[in-house]
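Colleague: this one's structure only:
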């Protein structure tokens, strides 16, 4: 009998995953039925992203005698304060352990307010279970179709597999790291750009994180354009505006608009912003076939480097054989797995997630700004030498 792998570093919570999914469905108010500090950081951040997050503020007495009265009082306060059309009642470890029935309290909401009961807790092995716990009742009340629910199940299953293979669940303990020094990496990338090598710029981002990860590719293209090498850059992007939950499609449209406004061509759409875990086959086919042979629009030959922003570890290394890889993640614990896979340059955008909540336009990235600054310095120095 194989012993189950014990993961001892902190990992994302199913409760938090439920809250983000409610946000993506444009639910107005989420009420956490649990202690006031449960999921505090994310609950506060989500209030900046159009989701009101309240708590029933269960205490030690409620742990014994139940907190139904507090939950129903909180529902009424939510109605009085925000006049919501939709309210989600979200379980926590406390309320689920003592057996609170969220559906019993749903009737406290007045007519005209739709209530979703999310039976979840933080004890699931994978945080994707928290997403399913929202999508199932959302389908039952008509917020999504049966087809979309099944599509999401497939995506979530593969997202879990990605984390087990090369992500946060791949080892028992992963030490956090800030990755490679950004200005040194920028210097190397500029060398490659100026050498005339062909580069694939790949956005494979998860939902709203695309607002910053897209900036990495904008900076790549701008830098190539500064040196007259933009024809060697090919942009792949998982920003299909027709795929995903309501808010996810909005994010994709906003990112595509930003690319267009800055005259940056997106050569290939590789999926939606919720499909980051399943884009690998599309990327492989494009790199190995469409761009691996002579065609009417490009020279012959493979890409010699790739800049991958978002979830690089979801893409198969077979597609990048012989390439120099520059990969950007927002997970400090993702650096070691990416290095183990063979990504030569790995950088981390620290605090990316808080900066991309509640926005609808591109957010400047540290590596993107570093690349721009180094390129500008090189250009200025060379102009000065010519005078």
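Modeller: Noted; the coordinates are in hand. Remember, it's a predicted structure, so these values are computed and weren't measured experimentally.

Colleague: what segments of the stretch 51-200 of the chain are strands?
Modeller: Along the stretch 51-200 of the chain, the stretches classed as strands by DSSP state E, counting those that start in this stretch are 52-55, 86-91, 114-118, 199-204.

Colleague: in a markdown table: the ones you listed, plus mean pLDDT, distance to residue 370 and mean neighbour count.
Modeller: C-betas here are computed from N, CA, C, even on glycine. Shown next, in a markdown table, are the strands of the stretch 51-200 of the chain (pLDDT from 0 to 100; distance: least, CB to CB, whole Å; neighbours: other CB atoms under 10 Å):
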| stretch | mean pLDDT | distance to residue 370 | mean neighbour count |
| --- | --- | --- | --- |
| strand 52-55 | 96 | 35 | 20 |
| strand 86-91 | 96 | 39 | 26 |
| strand 114-118 | 95 | 41 | 21 |
| strand 199-204 | 98 | 16 | 27 |
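
Colleague: out of those strands, the one nearest residue 345 is which?
Modeller: strand 199-204 (12.7 Å; CB to CB).

Colleague: now for the helix or strand that the closest one is followed by, which elements pack on it?
Modeller: For strand 199-204, the following helix or strand on the C-terminal side (DSSP states H and E) is helix 210-226. Applying 3 or more CB pairs under 8 Å, 6 or more residues apart in numbering; DSSP states H and E, one finds that helix 210-226 contacts helix 182-194, strand 199-204, strand 233-237, helix 246-261, strand 305-310, helix 352-355, helix 366-386.

Colleague: tell me the angle helix 210-226 makes with helix 366-386.
Modeller: Taking axes from the mean of the first three to the mean of the last three CA atoms, to 10 degrees, one finds that helix 210-226 is oriented at 20 degrees with respect to helix 366-386.

Colleague: and the gap between residue 62 and residue 56?
Modeller: Distance, residue 62 to residue 56, by CB to CB, to the nearest Å: 8 Å.

Colleague: hey, what's in contact with both of those two?
Modeller: The contact sets of residue 62 and residue 56 overlap at residue 70 (CB atoms under 8 Å, 6 or more residues apart in numbering).

Colleague: quick one: which of those two has more around it?
Modeller: Between residue 62 and residue 56, counted using other CB atoms under 10 Å, the more crowded position is residue 56 (29 against 22).

Colleague: verify the stated contact: the more buried one with residue 67.
Modeller: Yes. Residue 56 is within contact range of residue 67, at 5.6 Å (criterion: CB atoms under 8 Å).

Colleague: shared neighbours, the two?
Modeller: residue 33.

Colleague: checking the closest residue to residue 240 other than its chain neighbours next. Helix, strand or coil?
Modeller: Leaving out its chain neighbours, the residue that sits closest to residue 240 by CB to CB, 6 or more residues apart in numbering is residue 272, at 4.4 Å. When classified by DSSP: H, G, I helix; E, B strand; the rest coil, residue 272 comes out as coil.

Colleague: gap between residue 272 and residue 239?
Modeller: To residue 239, residue 272 is 8 Å away according to CB to CB.
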